[in-house]
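Trainee: the following block contains a protein sequence and its predicted model.
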Amino acid sequence: MPDLPRGASVVIVGAGVVGASIAFHLAEKGVRDVIVLERDRVAGGSTGKNAGGIRMQFASEINVRLSLLSVPEIERFAELTGVDASFHQVGYLFLITTERDAAAFERSLELWRRLGVPARRLSADDTHALLPQLNVSDVRFATFCQRDGYADPSSLVRGYLARARAAGVRVVEAAAVDAVDVAGGRVRAVCIGAERIACETVVDAAGPWAGEVGALAGVSIPITPHRRTIFVTEAFDGLPRRFPMVIDFATGFYFHRESSGVLMGMPPQQEVDGFREDVDWDVLPRVVERALYRVPILERASIKTAWAGLYEDTPDAHPIVGAVGEPDGFFAACGFSGHGVMHAPAVGRLIAEQIVGEATSLDLAPLSLQRFRAGAVVREHNVI
Ligand SMILES: Cc1cc2nc3c(=O)[nH]c(=O)nc-3n(C[C@H](O)[C@H](O)[C@H](O)COP(=O)(O)OP(=O)(O)OC[C@H]3O[C@@H](n4cnc5c(N)ncnc54)[C@H](O)[C@@H]3O)c2cc1C
């Protein structure tokens, strides 16, 4: 570990896409006395293991608003940071097959109309026309938003950190924060072994481990890690070069183009809490069964590789964003419940605004830690 400074104005714990975005947005606001501490390596957590999906099609207003704030930044990412985030705006296609989901998505279409999300309802025939290789025999309707798609999370981190570093932000790897000093009701310092960095502000951007980092400051952050596995196929013929990210909503099976093959995943049948990150091969038979039903041409494909990572789920599937109240100076930016890449641009901006004392671009009350105590939670229906 390189020499650490004795003090910084802001310490960000975690160098995933969220910590990187916060560092970038602080630097853009002229806050440069910032240090990002990463216990492993940059983007070594969930950010290095996800599907890169970016979408506006959520069921709760606050999640839609986070996406509306994020997507324009990803669209302009090369201009802002000099790094191309490979944002393929091929759209997200949600296939709706059950009565219950049909009612929920009809409500969402209303919400999207009201908020200006350019999503539309497609009949089964329109859906088939969009991707003729899909089996749509059980599809009641689909929703499609062309501005959705997928990007490369590592490039997002690289771009954010390049700009932040150029402005003077320090990023230190192999630096595990193991204590947070709190005195007189406010944050005073973080410790990395025997090293101590005095600071006024600590941001917990530790992804699935954010609950552990919160506990160091005496803050209870309700995050449960859940393993998710991704499978990638070898190259095969029969699918177009470009097609949307497809979500078979009732089962959670999803896939998108990955080089000359496809990337696909599905939640496990039984959710198991914990930090295991080895590939869950028990999911594969269900993925294969669903893949062959939904996209019969996938019978030509074979599995090339697989990996697993962690979702960081909160009780209401919404992130926890902003000052926690007690201790003073401790901020949460975590609990993305599987949507941290797409919401990192918005949350980086919101946290930076709150730290410098500006009015935030969105009301943070629905995302506050206090909502759990107050019982003011809103469930998100569109979670995979
Ligand atoms: C299989 C899978 C698919 C996904 N698909 C999508 C998707 O399509 N779209 C989407 O938006 N999201 C998706 N996600 C979720 C997304 O990956 C996460 O929400 C996002 O990466 C969270 O970023 P983060 O920076 O908060 O956390 P992380 O990337 O996990 O970063 C947190 C960092 O904190 C570090 N850390 C932890 N404790 C300490 C400590 N004590 N001291 C110092 N550092 C510490 C960790 O080492 C880690 O690098 C998916 C996740 C998985 C697992």
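Mentor: Cool, got the structure. Residues are numbered from 1 along each chain as shown.
Trainee: now do the domain split for the protein, please.
Mentor: Listed by automatic domain parsing, the domain ranges of the chain are 10-50+153-223+316-374, 88-149+225-311.
Trainee: of the ones you listed, which is nearest the ligand?
Mentor: Between the ligand and these, the tightest spacing by C-beta to the nearest ligand atom is seen for domain 10-50+153-223+316-374, at 2.2 Å. The way it works is simple: take the backbone N, C-alpha and C, and place the C-beta from them, glycine included.
Trainee: do the closest one and the ligand meet at all?
Mentor: Yes: residues of domain 10-50+153-223+316-374 contacting the ligand under C-beta under 6 Å from any ligand atom: 13-19, 37-40, 44-47, 49-50, 176-177, 205-209, 213, 334, 336, 338-342.
Trainee: hey, which of the domains of the chain is tucked in deepest?
Mentor: With neighbours taken as mean count of other C-beta atoms under 10 Å, those reach their highest mean count in domain 10-50+153-223+316-374, at a mean of 21.
Trainee: pull the distance from that domain to the chain's centre.
Mentor: Here domain 10-50+153-223+316-374 is found 14 Å from its chain centre; the criterion is C-alpha atoms, centre = their mean, to the nearest Å.
Trainee: now do that domain: distance from first to last residue.
Mentor: End-to-end distance for domain 10-50+153-223+316-374, by C-alpha to C-alpha, to the nearest Å: 29 Å.
Trainee: please report the distance of the residue lying closest to residue 299 once chain neighbours are set aside from residue 13.
Mentor: Distances taken as C-beta to C-beta, 6 or more residues apart in numbering place residue 292 nearest to residue 299, at 5.8 Å, with adjacent residues excluded. Here the criterion is C-beta to C-beta, to the nearest Å. By it, residue 292 lies 43 Å from residue 13.
Trainee: which stretches in the stretch 151-300 of the chain count as strands?
Mentor: According to DSSP state E, counting those that start in this stretch, the stretch 151-300 of the chain carries its strands in the segments 170-172, 179-183, 186-192, 195-204, 224-233, 245-248, 253-258, 261-265.
Trainee: ok, residues contacting the first one?
Mentor: Contact with strand 170-172 is made by 1-2, 4-5, 8, 15, 23, 34-38, 42, 161, 164-165, as judged by C-beta atoms under 8 Å, 6 or more residues apart in numbering.
Trainee: ok, the third one next?
Mentor: By C-beta under 8 Å, 6+ apart, the residues outside strand 186-192 that reach it are 1, 4, 11, 13, 37, 175-182, 196-202, 217, 327-330.
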